[in-house]
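Colleague: how does the following fold in three dimensions:
(chains A and B)
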Amino acid sequence: MSFYSTITFLLDPLSVFFLLVILLVSIPSAVYSIGYLRNHYSPNKIRLAWVLLAAFVLSMAGVVTANNAFIFLIAWEMMSLISYFLVVFDHTQEKSVTAGIIYLVMTHIGTAFIIVAFLILYNFGHSFDFAAFKSAGQTMPANLKHIVFLLLLVGFGTKAGIVPFHIWLPYAHPQAPSHVSSIMSGVMIKTAIYGMLRFIIFLLGVESAWWGNLVLVLALLSCLVGVIYALMEHDLKKLLAYHSVENIGIILLGVGAAMVFLKLNLPVLAVIALCAGLYHLMNHALFKGLLFLCAGSVYNATGTRNIEKLGGLIKLMPYTAAAFLVGSLAISAIPPFNGFVSEWLTLQAFFLGAMNSISGEYKVFFSVCASLLALTGGLAAACFVKAFGITFLAMPRSKNAAEAKESSFSMKAAFIFMMAAIVLSGLAAAPILKALTGIAGSVLSIETAGISLSLNNFALAVPQNSGAFLSTPLVALAFITVAGICVLAVYLWAGRRKAVKSNTWDCGYYQLDARTEYTATAFSKPFRIAFNFFLLPYTKTEKIRESFYHVKSFKYEVFTTPVFRQYAYDPIVAFILLSAKRVRRIQMGSIHFYLAYIWITIILLLLLFH
Amino acid sequence: MKILFFVAQVLALVALAPLVSGIIRKIKNNLRMRQGPGILQPYYNLIKLFGKDEVISVNTSWIFTVTPYVVLVSSVLALMLVPVFVSDVSLNYMGDFLLIIFILALGRFFLALAGLDAGSSFGGMGSSREMFISSFVEPVVVMVIFVVALNAHSTGLQVISAVPVLSLPLIIAATAMMFVIIAETSRIPVDNQETHLELTMVHEAMVLEYSGRSLALIELAAHVKQIVFFSLIASVILPFGIARDIAPMPLLASFIYYGLKIMALTVIISVIEISMAKMRLFRVIDFLNIAFVLSVLGIVILAMGK
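Modeller: Coordinates of the predicted model:
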């Protein structure tokens, strides 16, 4: 049995696209780490960080270029292990160790599912080469294909962090050093999307429409659960990690819709939907990478990630604030930034699906998908108003925040690069989509020569939706022109701006200070109440009394119940621990018993197999 | 010719936008058996505010300074997308119906940030509530867009406004859009423009720290946003009477139809405002859910019709 004939690499359009995304995030993150690591670690540890970073990026490159499932698995496992080491890089912190264990367990459960799927495919293809898998996909019975699909979905879904397998993501991503968080959230979870595209769509082939429907439902669940948890979160990096869950959902909306369209025999729509997914994948890599770098820079300057202790940083860290603002606008789908274009395109895919599908159920289903995507977008915008507003605006809420300093040059350089990439990838939507159409076509095995998403180099035009255009350069140009006219008109009419600086209105009582500012908890309260059926919030109050009559201090804390953890994962873990305890009973530690066990086993085997 | 007409249309609508608010206020007052200020009062307010100096908080940053302009520009850009009088005069290449939601989100995002910028609790409260309401408005708007666009087979505004068929799904969509207008233009029962009571205000709380010309710009932006939504109903969702090209007679008819439709909308809004009490914030979700269910109904009817 030979696992692979020769080690070859695959550089088809899909692999090249993913390599590009990996480099686009990894290079600025590496530059950023020059300044970031210096403040936190000893020289030896910095050297270790560089080695791990290089190995990490290399293993991801291996994952997306492997031409053989066996090599793929080796690279996949390398990627998981190296990222584990990076998660526990601050091994002195208890949190890191816990996060590392959760991550290690979950990622290996996922890998186990993938291995089983690969073994089934191997059984039919008689080789681990992708070419053999492709022919296995064609000769396999349909029932088995369904099973392989589910195995791959769970396996890759765990790595991608889709709900309900997201449990590790908000622990592991924030715990790694920030430049690694940026790569993990920006790129590593995308390798799972690569896996889904490569193995489910390209090699296995979509067998029936419920595959796509299932992906769509899981994607919607990820979107909403991710963003609702993010709204409740006040740890800046954890908040961003939850948004990764949400954005993976948005990417999978495109992928799932493409799978459904393939089975509904709407190839053009499938290409559009997958383009939207791939475009959002690239965009999310850029803006989430940038946001994590900014969060790292805030942590670097203030020593805390709790946004309730921050505030006023826009005056002390103007570059970080500007970068975070650009990232926030992009992730909240504000035009003309890149996140907006890909969300718009996803909505277009759903619209075309609703228009072209024959069955009424699909019309309603796609419309509801689109409106839930809009809900996600609205909630994400609310969350980033909170994240940016509480962290960077108004007065500092702690001494650390009041004494923050702007980051070093290498970190600023990374910000500027990423900001430029975000702005450019939004403005150059038409040329980018031209390239993505070909990639999507190659994944779906659809000839794309006749499909064009772009009217010219500046405007998008969606096929089959005549009269609907989108031109981000025109949006930007119109914005600048109208803004210029407004400023000029106001200046001509009313003259120069005369402004008196004064205190914020305090109702005439006393000098306002940071304690009277609106907090992140208060900001998210309406959402906590609106989603209380899911969040199950509870409060804890604690009075510290000096005497019966005088309360010295009063503590009030709001918690939300982690539903998935409490009702799904904890029972499973408890069951495993209990079973382990039961099994321990036959392990007395006495060698005589063990010899007896071996003897009984041999006898039984002899009896069974003669 | 088209370009000239387009520029004139945008400028005229921006100039007329405060008038619509003035008319609504006048109707409301008359219905309440009061005299109320004249319909030109919003203009007097704007002129007064433009002439005044500003008082700005020491805590604020550049976000606070640029926000009034960003908000106004985002409203004007939305207005530029709508074919108001002639179905092929708008900035169609910039974007489609879906872009309008996103472009208004730009203004809202900055306004909510500015609410937090001064460090006052009122501002934060306003921002939080505004983002809360708007995030539940967005799915409704997308549903309405889907009803209208599925009916016209395109999300392009010019194509949609050139389909002057009056059908049940479109009327349902227009009704759902009325709910959206009430929520988006801070009207009773969602918000109340006339009060500065800290427990109830949403939009007014957010802009509490603004004064002088910045406040004037924000108020103008609110008027423009209102006319954008009104025009969406009058010229896109229910576009009967809209001119097909720039010719005197159809244009005249289009002006008259548009004027009548806007008047009808002002009366409806006024009647709703005086006949309801403001809701608690968390009942707003139920209010918007009605609109959501309505628009799903529109889709279902469309799906059955095929």
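Colleague: find me the pLDDT at A:Ser2, would you?
Modeller: For A:Ser2, the pLDDT comes out at 52.
Colleague: quick one: low-confidence parts of chain B?
Modeller: B:306 (pLDDT under 70).
Colleague: what's the closest non-adjacent residue to the residue in the stretch 1-150 of chain B that chain A sits nearest to?
Modeller: Nearest residue of the stretch 1-150 of chain B to chain A: B:Gly124, at 2.3 Å (Cβ to the nearest Cβ). The way it works is simple: take the backbone N, C-alpha and C, and place the C-beta from them, glycine included. Once flanking residues are discounted, B:Gly124 sits nearest to A:Tyr518: 2.3 Å by Cβ to Cβ, 6 or more residues apart in numbering or on different chains.
Colleague: pretty sure the one you found sits in a helix.
Modeller: No - in this structure, A:Tyr518 is coil, not part of a helix, as judged by DSSP: H, G, I helix; E, B strand; the rest coil.
Colleague: how near is it to A:Leu236?
Modeller: To A:Leu236, A:Tyr518 is 17 Å away according to Cβ to Cβ, to the nearest Å.
Colleague: residue contacts, residue 84?
Modeller: Just going to use chain A. By Cβ atoms under 8 Å, 6 or more residues apart in numbering or on different chains, the contact set of A:Tyr84 is A:Gly100, A:Tyr103, A:Leu104, A:Thr107.
Colleague: hmm, I had chain B in mind actually
Modeller: Applying Cβ under 8 Å, 6+ apart to B:Val84 gives the contacts B:Gln9, B:Leu13, B:Ser90, B:Ser231, B:Ala234, B:Ser235, B:Tyr258.
Colleague: so which residue is smack in the middle of chain A?
Modeller: For chain A, A:Ser244 is the residue whose C-alpha lies nearest the centre (Cα atoms, centre = their mean; 2.3 Å).
Colleague: confirm that that residue sits in a helix.
Modeller: Yes - under three-state DSSP, A:Ser244 sits within a helix.
Colleague: now do it, the pLDDT please.
Modeller: 96.
Colleague: do I have it right that it meets A:Phe287?
Modeller: No - in this structure, A:Ser244 is not within contact of A:Phe287 by Cβ atoms under 8 Å, at 10.9 Å.
Colleague: could you dump the contacts of B:Val84 to JSON lines with secondary structure and distance to chain A?
Modeller: Below are the contacts of B:Val84 laid out as JSON lines (DSSP: H, G, I helix; E, B strand; the rest coil; distance: Cβ to the nearest Cβ, whole Å):
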{"residue": "B:Gln9", "secondary structure": "helix", "distance to chain A": "14"}
{"residue": "B:Leu13", "secondary structure": "helix", "distance to chain A": "13"}
{"residue": "B:Ser90", "secondary structure": "coil", "distance to chain A": "11"}
{"residue": "B:Ser231", "secondary structure": "helix", "distance to chain A": "17"}
{"residue": "B:Ala234", "secondary structure": "helix", "distance to chain A": "20"}
{"residue": "B:Ser235", "secondary structure": "helix", "distance to chain A": "15"}
{"residue": "B:Tyr258", "secondary structure": "helix", "distance to chain A": "21"}
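Colleague: weed out the non-buried ones from those.
Modeller: Neighbour counting with 16 or more other Cβ atoms under 10 Å in any protein chain shown marks B:Gln9, B:Leu13, B:Ser90, B:Ser231, B:Ala234, B:Ser235, B:Tyr258 as buried within the contacts of B:Val84.
Colleague: backbone phi and psi for the third one, please?
Modeller: Here the main-chain torsion angles of B:Ser90 (degrees, to the nearest 10) amount to phi -170, psi 170.
Colleague: chain neighbours aside, what residue packs nearest to the residue nearest to the centre of chain A?
Modeller: Leaving aside its sequence neighbours, A:Ser244 sits nearest to A:Ser185 (Cβ to Cβ, 6+ apart; 4.5 Å).
Colleague: may I ask which helix or strand encompasses the most centrally placed residue in chain B?
Modeller: Central residue of chain B (Cα atoms, centre = their mean): B:Gln226, 2.9 Å from the mean position. Here B:Gln226 sits within helix B:212-231, counting by DSSP states H and E.
Colleague: residues from the stretch 201-350 of chain A in reach of chain B?
Modeller: A:311-312, A:314-315, A:329, A:332-335, A:340, A:343-344, A:347-348 (Cβ under 8 Å from any Cβ of the partner chain).
Colleague: where do the helices of chain B begin and end?
Modeller: Ranges of helices in chain B, per DSSP state H, are B:2-31, B:41-51, B:62-81, B:97-117, B:121-152, B:157-161, B:168-184, B:203-206, B:212-231, B:248-275, B:284-305.
Colleague: of all these, which lies closest to A:Thr304?
Modeller: Closest to A:Thr304 of those, according to Cβ to Cβ: helix B:97-117, at 19.0 Å.
Colleague: and the closest one, what does it pack against?
Modeller: Applying 3 or more Cβ pairs under 8 Å, 6 or more residues apart in numbering or on different chains; DSSP states H and E, one finds that helix B:97-117 contacts helix A:338-356, helix A:360-392, helix B:62-81, helix B:121-152, helix B:203-206, helix B:212-231.
Colleague: can you lay out those as a markdown table showing distance to A:Tyr32?
Modeller: Below are those laid out as a markdown table (distance: least, Cβ to Cβ, whole Å):
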| stretch | distance to A:Tyr32 |
| --- | --- |
| helix A:338-356 | 20 |
| helix A:360-392 | 18 |
| helix B:62-81 | 25 |
| helix B:121-152 | 30 |
| helix B:203-206 | 35 |
| helix B:212-231 | 36 |
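Colleague: out of these, which gets nearest to A:Leu293?
Modeller: So among these, helix A:360-392 is nearest, using Cβ to Cβ, at 14.2 Å.
Colleague: quick check: angle from that closest one to helix B:121-152?
Modeller: On the basis of axes from the mean of the first three to the mean of the last three Cα atoms, to 10 degrees, helix A:360-392 is oriented at 160 degrees to helix B:121-152.
Colleague: how about whichever helix or strand comes after helix A:360-392: buried residues?
Modeller: With elements assigned by DSSP H and E, the helix or strand that comes after helix A:360-392 is helix A:399-402. By neighbour count on 16+ other Cβ under 10 Å, the buried set for helix A:399-402 is A:Ala401.
Colleague: identify the residues contacting the helix or strand just after helix A:399-402?
Modeller: Per DSSP H and E, the first helix or strand lying C-terminal to helix A:399-402 is helix A:409-427. For helix A:409-427, contacts defined as Cβ under 8 Å, 6+ apart pick out A:24, A:28-29, A:31-32, A:34-36, A:282-283, A:286-287, A:289-290, A:293-294, A:297, A:300, A:319-320, A:322-323, A:326-327, A:330, A:335-341, A:406, A:432, A:472-473, A:476.
Colleague: tell me who's in contact with A:His179.
Modeller: Per Cβ under 8 Å, 6+ apart, neighbours of A:His179: A:Ser29, A:Ala30, A:Tyr32, A:Ser33, A:Tyr36, A:Leu37, A:Leu53, A:Phe292, A:Leu293, A:Gly296.
Colleague: and it, how far is that from chain B?
Modeller: To chain B, A:His179 is 27 Å away according to Cβ to the nearest Cβ, to the nearest Å.
Colleague: and that residue, what helix or strand is that in?
Modeller: Going by DSSP H and E, A:His179 is part of helix A:178-183.
Colleague: go on, A:Leu477?
Modeller: helix A:472-494.
Colleague: CA atoms of that helix as CSV?
Modeller: What follows is helix A:472-494, C-alpha atoms only, in CSV (Å, rounded to 0.1, in the frame of the first residue of the first chain):
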residue,chain,number,x,y,z
THR,A,472,-17.9,51.5,-5.5
PRO,A,473,-15.5,54.0,-7.2
LEU,A,474,-18.6,56.1,-8.2
VAL,A,475,-19.9,55.9,-4.6
ALA,A,476,-16.5,57.2,-3.4
LEU,A,477,-16.4,59.9,-6.0
ALA,A,478,-19.9,61.0,-5.4
PHE,A,479,-19.2,61.0,-1.7
ILE,A,480,-16.2,63.2,-2.1
THR,A,481,-17.9,65.6,-4.6
VAL,A,482,-21.1,66.0,-2.5
ALA,A,483,-19.0,66.4,0.7
GLY,A,484,-16.9,69.1,-1.0
ILE,A,485,-20.0,70.9,-2.2
CYS,A,486,-21.6,70.8,1.3
VAL,A,487,-18.5,72.1,3.0
LEU,A,488,-18.1,74.9,0.4
ALA,A,489,-21.8,75.8,0.5
VAL,A,490,-21.8,76.0,4.3
TYR,A,491,-18.6,78.0,4.3
LEU,A,492,-20.0,80.5,1.7
TRP,A,493,-23.2,80.9,3.5
ALA,A,494,-22.2,81.0,7.1
